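Student: give me the fold of what follows.
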Amino acid sequence: MIYLIEPCKDKSGHYFVYLNSLLKIPNTKALQMDVRTTVFKKRMKFLNVLTYYYALWKQLRAVPKGNIAHLLYSDIYYKIPFISSSLLKRNKTIVTMHSCPNGKIKHLLMRNFCKRVDAVVVHSEYIKSQMELIGLTNVHCIDYPSFYDYSFLPSKEELRQKYGLLAEDVVFSALGGIRKDKGLDILLEAFKYVDMRHKRRMILNVAGRYCSFMKEADIKRLAEKYNIRTRLLIRSLSDEEFLENVLITDFMVLPYRGNMTGNSGPMTEAIVNGIPSIVPADTNLGAIVTERHVGMTFRQGDPESLASVLIKACDMDYICNDAYRHVLKEQSFIDKYRNIYTDLNRG
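Tutor: Okay, the predicted model is just below:
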């Protein structure tokens, strides 16, 4: 039996669809215990380290011996500096890492943690290469797929008409939770460097809930300051609302800061719908759009560089390479995980 360990029980997040997708594989079982997984703040305080260790210990000990334990979100556990081999070796263990952090100390902790498990799963070839550069040899890449069905929705043209968008409007979307690391302020400031001729065609579409950064009033204030035409939906979105906001988009903009090193859900949805993304260069996302030809890049954290790409995007008809979208299928995701589980059961 493969025990899928996921403490988050929020049915509105990506954790839920990820878990339910893997539960389609035979001999899998969800293990969702009530544990505290407080996110580290600026410093790794000792009590927080103990909290994480206890959460990990409690969950792994709940898996009966002779089975496989799969930690679906392991990014919060690798920072435990005194992790014991006996805990991770109690059963065959798989960990999914959604990002590879920056910094020598974090690399040391990541290597210390991941070398003690049987398999590490990441969601891009770029992250896999970063893991291998720090000395790991047990890393598998499984592309993060789209879990959504768009077939019940009206066409892009019908949706844009429904929401009053004109054919000449160029919609730049920033979707998902509004947090500092996702760089919405960088995107807003970029419009400072866009001329009025282009601004008249651009619409900034921001849809997602406020998390800890930039309330709706802040966004409106900056939009007025920089003469930005906006479409704002600052709250939690239903699945249908999220999909509609993907489909009305011309360019998905992801101005992430340097501590965002993983994949992007909105970017995945853009790719499967043939929508180009605008992302920071020299990053995981930058590697994907460059190698797969599914978007454009700008200098990370630089509003003026981002502005030049927005202008360029507004003036062009960008056609994404169609090949990669067919890789991001849920069935492929399931099949690759099934193969890892099968290999571990044989070994």
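
Student: show me what counts as buried in stretch 47-60.
Tutor: 48, 51-53, 55-57, 59-60 (16 or more other CB atoms under 10 Å). C-beta here means a position set from N, CA and C on the backbone, and glycine is covered the same way.

Student: kindly reformat those as a markdown table containing secondary structure.
Tutor: Below are these laid out as a markdown table (DSSP: H, G, I helix; E, B strand; the rest coil):
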| residue | secondary structure |
| --- | --- |
| 48 | helix |
| 51 | helix |
| 52 | helix |
| 53 | helix |
| 55 | helix |
| 56 | helix |
| 57 | helix |
| 59 | helix |
| 60 | helix |
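
Student: what's the closest of these to residue 28?
Tutor: residue 59 (15.5 Å; CB to CB).

Student: just give me the least confident of the buried residues of stretch 47-60.
Tutor: The lowest pLDDT within the buried residues of stretch 47-60 belongs to residue 48, with 75.

Student: okay, how far is it across stretch 234-251, tip to tip?
Tutor: Start-to-end span of stretch 234-251 (CA to CA, to the nearest Å) is 19 Å.

Student: now that stretch: average pLDDT?
Tutor: So the average pLDDT for stretch 234-251 ends up being 96.

Student: now do the contacts for residue 99.
Tutor: With contact taken as CB atoms under 8 Å, 6 or more residues apart in numbering, residue 99 is in contact with 75, 127, 260-263, 284.

Student: where's it relative to residue 324, distance?
Tutor: 20 Å (CB to CB, to the nearest Å).

Student: equivalent analysis for residue 62, please.
Tutor: Distance from residue 62 to residue 324, by CB to CB: 38 Å.

Student: just the contacts of residue 99 now: which is nearest residue 193?
Tutor: Using CB to CB, the contacts of residue 99 come closest to residue 193 at residue 260, 22.6 Å.

Student: ok, the residue lying closest to the closest one once chain neighbours are set aside - contacts?
Tutor: Among residues not flanking residue 260 along the chain, residue 181 sits closest, at 4.8 Å (CB to CB, 6 or more residues apart in numbering). Applying CB under 8 Å, 6+ apart to residue 181 gives the contacts 256-257, 259-260.
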